[in-house]
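Colleague: Predicted model, plus sequence, below.
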Amino acid sequence: MENKKLITAISLILVVFGIIFSLLPHEIHELLTFGANIPHFWHFVMGFIIVSTGLFFIGMSIKNGTFKLQFPKLQERKAILNKIKIPILIAFLIIGFLTLKFSILVESKPETDFDKFKKIAKEYCANPTSTNPRCLTDIKEFKNSSHNYKNAQQTAQEKFGVTGEYTSKDFDPTEFLTTWNFNNLPQEERKKYYKKTKRPDGSLLREYWINVEDKEIEIAPGVFFPAWTYNGQVPGPTIRATEGDLIKIYFTNKGTKPHTMHFHGFHTSKMDGSMTEDFVLPGKSFTYEFEADPFGVHLFHCHAAPVKQHIAKGHYGAYIVDPKNDTRQKADKELVMVMNAFDTNLDGENEVYAVNTKAFYYAMNPIKVKKGELIRIYLINIIEFDPINSFHLHANFFDEYKTGTSLIPDTYTDTLIMGQGERSILDVRFKYPGMYMFHAHVTEFTLRL
């Protein structure tokens, strides 16, 4: 008798659990199936099977007389209920089947046209130089078919934007905006990479420890690039000093190729890092020493041959020299923005464009500033393989200080055109609160930024 009750209880539990499982959200389904990436309608199939199993055991119990519905106040209708038990079971199965079929149709229909159009484009139109006739013929047939072509176009536009998420956490472009001289690190950790000492004339000796590392970095969600880095990041750590400070850099090459550090600014020829005799071989070290001069926004990069390869692989960073007597208004917030790009298939052309390495990052994580405050941007263009780059800020204008070597702005504009290695300081205030776009005004770059 106990076994009969147990079987009946298990059967009822299966029915109830199967119904609940079928109605759960997709995220809960994934949790219950240990994160398995199963299409949503298959979860309904699983729920339907569970319900059917429970109903099957209940049916067998009814047939064997071990499962009986008891209605104390309706005993006189017992005979009628016994006759309709089997039809009720069949009705449950039919309802479950119809629910499953309806859920599959509802889930798949909204993207049917878009998915077909996307499949045509991916399979037959992916290569710009392809002469595959299926590209044009299939799209033409698609337009003339019963599918709603305009709806597919609209769906494609609605789906335009960033997909995926960044998985690596070792480089934060938001933190990089306001990081120089390793000020993002705790004091004890910072001492390993940066030290400042006051000199007799009141200026500072600024010492840095910079290493070359070969490292795979994430440049778009799920897209990794084999980079050559300074201290494990691209761009390298921002170096910032005041005009007249003495900069001393203890440079160690822990990579697999010869590398250097070449600074834009004044220094002796021995500190230029550009000639063959200046190359620092793997496992070797060199100390760079020079005074910070002139004031402005500059850059440093590897100058080992071939230079274009070293820059394309990520060997560069920002170098800021503040004027000793700055007559400009003090900025409320300062941002370092390095416009860079990556040749992911090594064909001599860039496939991914970014500001501070991670493409689309600021679209996913907007930069927060306050209305009316003075924002000072240190902007550098270091993309290789493209002759020019540009920077455009929506709904606003800014003062531009070309190379930052003057305390008087050169122009008041909203768009800059820059060659490789060009840089500027931009002063801007936002008159109205809201979300504002900034991007390269070269459309090809923007769509990959």
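Modeller: Looks like it arrived, so ask away.

Colleague: C-alpha from now on. contacts and neighbour counts both.
Modeller: Fine.

Colleague: Give the buried residues for stretch 411-422.
Modeller: Across stretch 411-422, burial judged by 16 or more other CA atoms under 10 Å covers 414, 415, 418, 419, 420, 421, 422.

Colleague: Show me what the closest residue to the second one other than its chain neighbours is bridged to.
Modeller: Closest residue in space to residue 415, ignoring its immediate chain neighbours: residue 392 at 4.4 Å, by CA to CA, 6 or more residues apart in numbering. Here residue 392 sits in beta bridges with residue 415, residue 439, going by DSSP bridges.

Colleague: Could you check how far residue 392 is from residue 349?
Modeller: Distance, residue 392 to residue 349, by CA to CA, to the nearest Å: 23 Å.

Colleague: And for residue 382?
Modeller: Distance from residue 382 to residue 349, by CA to CA: 14 Å.

Colleague: quick one: which of those two has more around it?
Modeller: Per other CA atoms under 10 Å, whichever of residue 382 and residue 349 has more neighbours is residue 382, with 29 against 15.

Colleague: who does whichever strand or helix holds residue 212 touch, helix- and strand-wise?
Modeller: Using DSSP states H and E, residue 212 sits in strand 204-220. Contacts defined by 3 or more CA pairs under 8 Å, 6 or more residues apart in numbering; DSSP states H and E place strand 204-220 against strand 194-198, strand 223-230, strand 246-253.

Colleague: closest to residue 163 out of those strands?
Modeller: strand 223-230 (11.8 Å; CA to CA).

Colleague: Buried residues in that closest one, which are they?
Modeller: Buried residues in strand 223-230, counted by 16+ other CA under 10 Å: 225, 227, 228, 229, 230.

Colleague: Count the residues that sit near the nearest residue to the second one once chain neighbours are set aside.
Modeller: Counting by CA to CA, 6+ apart, residue 313 is the residue found nearest to residue 227 once chain neighbours are left out, at 4.9 Å. Here the number of neighbours of residue 313 (other CA under 10 Å) works out to 21.

Colleague: Report whether the expected contact of residue 313 with residue 226 is present.
Modeller: Yes. With contact defined as CA atoms under 8 Å, residue 313 and residue 226 form a contacting pair (7.4 Å).

Colleague: picking up where we left off before, could you dump the buried residues of stretch 411-422 into a markdown table with pLDDT, secondary structure and distance to residue 259 added?
Modeller: Formatted as a markdown table, the buried residues of stretch 411-422 follow (pLDDT from 0 to 100; DSSP: H, G, I helix; E, B strand; the rest coil; distance: CA to CA, whole Å):
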| residue | pLDDT | secondary structure | distance to residue 259 |
| --- | --- | --- | --- |
| 414 | 97 | coil | 37 |
| 415 | 96 | strand | 35 |
| 418 | 96 | strand | 26 |
| 419 | 95 | strand | 24 |
| 420 | 94 | coil | 20 |
| 421 | 96 | coil | 19 |
| 422 | 97 | coil | 22 |
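
Colleague: care to break the chain down by domain?
Modeller: 2-110, 113-158, 173-446 (automatic domain parsing).

Colleague: Help me confirm that residue 200 is found in a helix?
Modeller: No. Looking at residue 200 with DSSP: H, G, I helix; E, B strand; the rest coil, it is coil, so not inside a helix.

Colleague: Share the number of residues neighbouring it, please.
Modeller: Neighbours around residue 200, by other CA under 10 Å: 7.

Colleague: Could you measure from it over to residue 324?
Modeller: When CA to CA is the yardstick, residue 200 and residue 324 sit 16 Å from each other.
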